[in-house]
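the sequence and its predicted three-dimensional model are supplied below.
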Amino acid sequence: AEVLDAFDSLFEEVADHANRWRTLKFNYLTNRTHDILEQTHLPRLTSLSIITLLNGRPLKLNTPILKRYNSATGDINLVSFEHPLPILTHISQLFTPGTAETLLQHLRRSQHVLAALTIQFLVLPGGRFSLCFEDGTEFSAETLGLSLPTLAEYTVALGPSHCWGWNFLNIAHMPHLRRLDIYLRGFKYSEPNNTLLFLPQLHTLNISAQYPRGFIAAVPPLLAATPNLEEVSLTQTSRGPPGYDAEWLLPLLYANQDPLTVAWPRLVVLRLRGMAIPGKVDLRRIPLGRPAFRRLSVDSTCWERSKGVGKDLNALREYFDVGVTEDTVTLW
């Protein structure tokens, strides 16, 4: 109790300078600090990160020029803003039935300025990417009519029990999306009920999964929707059975090599992390149908694991640039 009292007193003194705050991040609020925040005008705050809330208490903030909003709590509906409501350029939020409506409000209000969006799905989006509210109401992507013309970066994290699908890409039209990051467990694929939106401007794709089984079946719709990719990163985060790691590369190496149908014909850089590339996989085929290809980048885990199964990546330097990075995946 004495420690909390001292913290409250210190926070009250710091709050006297709240008109100068530009960034606020908290993972715990006492009742007193909660009250102080609600009574404080934050005219210069541009970045807010909320890890958790205290005892489910609603929190209303006065942040008229807030631009970056990161919420890692499923109780985000308890957070609201005074008028004028902030228009956000960066949103990071959990997706649950309880947070769907709040997420939709943020997206609608900020859709013409939003530059970066991160969603962690704790429940699966519906078959037609539906936002399922707590009262049972369900809206599909088609009826939402969302367009995010300024969105350049989209990051998606799927919970451990989720199968692979494309519904999270159909939350809105994203005609100028440049970078897509996807984190998931694996590729238990189910065909989406709606058409995968075309992403003509997508330049960079990063996919991270525990294992690649099912990747061959999952990837064709994405290949068709992202023909202009120049940088692709494939990351494996766990040790799979011997030989299965090769599935990451099969769509790139053994698909139709016709220049009109080759997977990612504008590919310049391919990054591989965590996986073991079997000796039988011929990476010399990567440049076929990809005249701009210049570089294969692997982390030290991939380098050492590949060497352990008889793959000499150093020999590929005769055909294209091969680099080894220190940004290494720790496998489990």
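Thanks, I have it.

how about residue 93: what's its closest non-neighbour residue?
residue 71 (5.1 Å; Cβ to Cβ, 6 or more residues apart in numbering). Any C-beta I mention is one placed from the backbone N, CA and C, and that applies to glycine too.

just residue 86 next, same as before
Distance criterion Cβ to Cβ, 6+ apart; nearest residue to residue 86, sequence neighbours excluded, is residue 66 at 3.7 Å.

wasn't that neighbour part of a helix?
No: applying DSSP: H, G, I helix; E, B strand; the rest coil, one finds residue 66 to be coil, outside a helix.

return the backbone torsion pair for it.
Torsion angles at residue 66 (phi, psi; degrees, to the nearest 10) stand at phi -60, psi 130.

now do the contacts for it.
Each residue near residue 66 by Cβ atoms under 8 Å, 6 or more residues apart in numbering is listed here: 42, 45, 46, 47, 48, 81, 86, 88.

if we use 10 Å, what do you get?
By Cβ atoms under 10 Å, 6 or more residues apart in numbering, the residues touching residue 66 are 24, 42, 44-48, 81, 85-90.

also residue 176?
148, 149, 150, 151, 152, 199, 200, 201, 202.

repeat for residue 23
44, 45, 46, 47, 48, 49, 68.

same question, residue 9
So residue 9 contacts residue 32 (Cβ under 10 Å, 6+ apart).

okay, and residue 233 sits in which element?
Using DSSP states H and E, residue 233 sits in strand 231-236.

go on, residue 208?
Using DSSP H and E, residue 208 falls in strand 204-209.

and for residue 301, the neighbour number?
21 (other Cβ atoms under 10 Å).

checking my notes, it in a helix, right?
Yes: assessed with three-state DSSP, residue 301 lies in a helix.

quick revisit: would you turn the contacts of residue 66 into JSON lines with neighbour count, distance to residue 307 and pLDDT?
As requested, these are exported to JSON lines (neighbours: other Cβ atoms under 10 Å; distance: Cβ to Cβ, whole Å; pLDDT from 0 to 100):
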{"residue": "24", "neighbour count": "17", "distance to residue 307": "48", "pLDDT": "94"}
{"residue": "42", "neighbour count": "22", "distance to residue 307": "54", "pLDDT": "95"}
{"residue": "44", "neighbour count": "15", "distance to residue 307": "53", "pLDDT": "97"}
{"residue": "45", "neighbour count": "24", "distance to residue 307": "51", "pLDDT": "97"}
{"residue": "46", "neighbour count": "18", "distance to residue 307": "47", "pLDDT": "98"}
{"residue": "47", "neighbour count": "16", "distance to residue 307": "44", "pLDDT": "97"}
{"residue": "48", "neighbour count": "23", "distance to residue 307": "46", "pLDDT": "95"}
{"residue": "81", "neighbour count": "18", "distance to residue 307": "54", "pLDDT": "91"}
{"residue": "85", "neighbour count": "15", "distance to residue 307": "55", "pLDDT": "89"}
{"residue": "86", "neighbour count": "22", "distance to residue 307": "51", "pLDDT": "94"}
{"residue": "87", "neighbour count": "16", "distance to residue 307": "51", "pLDDT": "96"}
{"residue": "88", "neighbour count": "22", "distance to residue 307": "46", "pLDDT": "97"}
{"residue": "89", "neighbour count": "17", "distance to residue 307": "44", "pLDDT": "98"}
{"residue": "90", "neighbour count": "18", "distance to residue 307": "41", "pLDDT": "98"}
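
possible to save the residues you listed as CSV with secondary structure and distance to residue 18?
As requested, the contacts of residue 66 are exported to CSV (DSSP: H, G, I helix; E, B strand; the rest coil; distance: Cβ to Cβ, whole Å):
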residue, secondary structure, distance to residue 18
24, strand, 9
42, coil, 6
44, coil, 9
45, coil, 8
46, coil, 13
47, strand, 14
48, strand, 13
81, strand, 15
85, coil, 19
86, coil, 16
87, coil, 21
88, coil, 20
89, coil, 22
90, strand, 21
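
just the closest of the residues you listed to residue 119, please.
residue 90 (12.4 Å; Cβ to Cβ).

ok, the closest one touching residue 115?
Yes: using Cβ atoms under 10 Å, residue 90 is in contact with residue 115, at 6.4 Å.

in the sheet, who's paired with residue 183?
Taking DSSP bridges as the rule, residue 183 bridges to residue 157, residue 208.

next, count neighbours for it.
Residue 183, neighbours per other Cβ under 10 Å, totals 15.

against residue 307, how distant is the residue nearest to residue 86?
Residue 66 sits 49 Å away from residue 307, taking Cβ to Cβ, to the nearest Å as the criterion.

pLDDT weak spots in the stretch 151-300 of the chain?
Within the stretch 151-300 of the chain, the set of residues satisfying pLDDT under 70 comprises 160-165, 188-195, 242, 254-261.

could you redo the last one with a cut-off of 50?
Along the stretch 151-300 of the chain, segments meeting pLDDT under 50 span 257, 259.

hang on, the earlier thing: what angle separates the strand holding residue 233 from strand 204-209?
10 degrees (axes from the mean of the first three to the mean of the last three Cα atoms, to 10 degrees).

so which elements touch whichever helix or strand comes after strand 231-236?
From strand 231-236 onward toward the C-terminus, using DSSP H and E, the following helix or strand is helix 250-253. Packing partners of helix 250-253 (3 or more Cβ pairs under 10 Å, 6 or more residues apart in numbering; DSSP states H and E): helix 215-218, helix 220-225.
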